[in-house]
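Student: A predicted structure for the sequence below; I have some questions about it.
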Amino acid sequence: MDSLASNESSAWQQVADLRLRLQSGVECYEHCYRGQPWYVLRSDSDGVYFRCSAKAYQLLTLFDGERTVQQACDLL
């Protein structure tokens with residue numbers, strides 16, 4: 001295994017078992033840009049904005065604090 005693949009595997013092992021969830025107070029808005037759906041998330045606490053694709057948003061919605069990252073990815 002080359003060093004890049006080894007680093008990617010190591011990084012995955014570090015996050016695969018985490019149980020993530022969005023913090024409370026995150027608002028989501030759907031926007032259409034160049035004919036594609038995009039999602040803009042905004043944090044009420046600090047006003048930070050984050051834009052993601054529909055596929056990334058689908059993954060984010062699976063982070064409920066109960067599922068692991070691996071389980072969420074397996075559902076896609």
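Tutor: Happy to help now that I have it. What you see is a predicted model, and the numbers here were worked out from it, not measured in a lab. Residues are numbered from 1 along each chain as shown.
Student: Of all residues in this protein, which one is nearest the centre?
Tutor: Note on the chain: the residue nearest the mean C-alpha position is L60, at 3.9 Å, using Cα atoms, centre = their mean.
Student: isn't it right up against C52?
Tutor: Yes - look at L60 against C52 with Cβ atoms under 8 Å: they come within range, at 6.9 Å. Every C-beta, even on glycine, is put in place using the N, C-alpha and C of the backbone.
Student: What is the helix or strand hosting Y39 packed up against?
Tutor: Using DSSP states H and E, Y39 falls within strand 36-43. Helices and strands touching strand 36-43, by 3 or more Cβ pairs under 8 Å, 6 or more residues apart in numbering; DSSP states H and E, are strand 26-33, strand 49-53, helix 54-62.
Student: Run the angle between that strand and strand 49-53 for me.
Tutor: 150 degrees (axes from the mean of the first three to the mean of the last three Cα atoms, to 10 degrees).
Student: and strand 36-43, which residues are buried?
Tutor: W38, Y39, L41 (16 or more other Cβ atoms under 10 Å).
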